[in-house]
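Novice: no sequence for this one, just the structure:
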């Protein structure tokens with residue numbers, strides 16, 4: 001299990017579409033394959049153009065697939081809403 005921070009830049013006006021997917025049954029099922037969703041902490045910028053998720057990941061390959069468009073479930077939504085993303089591994093200081 002790794003603590004990961006994902007920062008995503010959204011296309012203009014796509015925040016609601018992205019959050020709708022993330023909270024849908026389909027989105028939740030995919031997220032559970034990647035991380036412990038009960039430990040996810042989410043944040044959004046005031047203009048809703050940037051999202052951040054601190055997640056506890058148990059399958060890094062699945063996370064990369066979910067984010068890079070190679071996951072068939074997330075790909076259609078990501079193509080529509082995501083401009084770019086970054087993944088950071090977190091460590092305690």
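Specialist: Nice, I can see it. Only a predicted model underlies this, so the values are computations on that prediction, with no experimental measurement involved.

Novice: show residues contacting stretch 13-30.
Specialist: The contact list for stretch 13-30 (C-beta atoms under 8 Å, 6 or more residues apart in numbering) reads 8, 10, 31, 37, 44, 48-49, 51, 66, 71, 73-74, 77, 80-82. (Each C-beta comes from the backbone N, C-alpha and C, glycine too.)

Novice: so how do I select the buried members of those residues in PyMOL?
Specialist: Buried members of the contacts of stretch 13-30, defined by 16 or more other C-beta atoms under 10 Å, are picked up in PyMOL with:
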select buried, resi 8+10+31+44+49+51+66+71+74+77+81+82
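
Novice: which of the contacts of stretch 13-30 fall in strands?
Specialist: 8, 10, 44, 51, 82 (DSSP state E).

Novice: among those residues, which two are most distant?
Specialist: 44 and 82 (13.9 Å; C-beta to C-beta).

Novice: distance to residue 58 added to the ones in strands among the contacts of stretch 13-30, as JSON lines?
Specialist: Below are the ones in strands among the contacts of stretch 13-30 laid out as JSON lines (distance: C-beta to C-beta, whole Å):
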{"residue": "8", "distance to residue 58": "20"}
{"residue": "10", "distance to residue 58": "26"}
{"residue": "44", "distance to residue 58": "25"}
{"residue": "51", "distance to residue 58": "21"}
{"residue": "82", "distance to residue 58": "23"}
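
Novice: which one of these is nearest to residue 60?
Specialist: When the ones in strands among the contacts of stretch 13-30 are compared for distance to residue 60 (C-beta to C-beta), residue 8 wins out at 16.9 Å.

Novice: how many residues are close by the nearest residue to that closest one once chain neighbours are set aside?
Specialist: Excluding its sequence neighbours, the residue lying closest to residue 8 (C-beta to C-beta, 6 or more residues apart in numbering) is residue 85, at 4.2 Å. Using other C-beta atoms under 10 Å, residue 85 has 15 other residues around it.

Novice: and the pLDDT for residue 85?
Specialist: On the pLDDT scale, residue 85 is placed at 96.

Novice: what helix or strand is it on?
Specialist: strand 82-89 (DSSP states H and E).

Novice: fine by me, thanks again.
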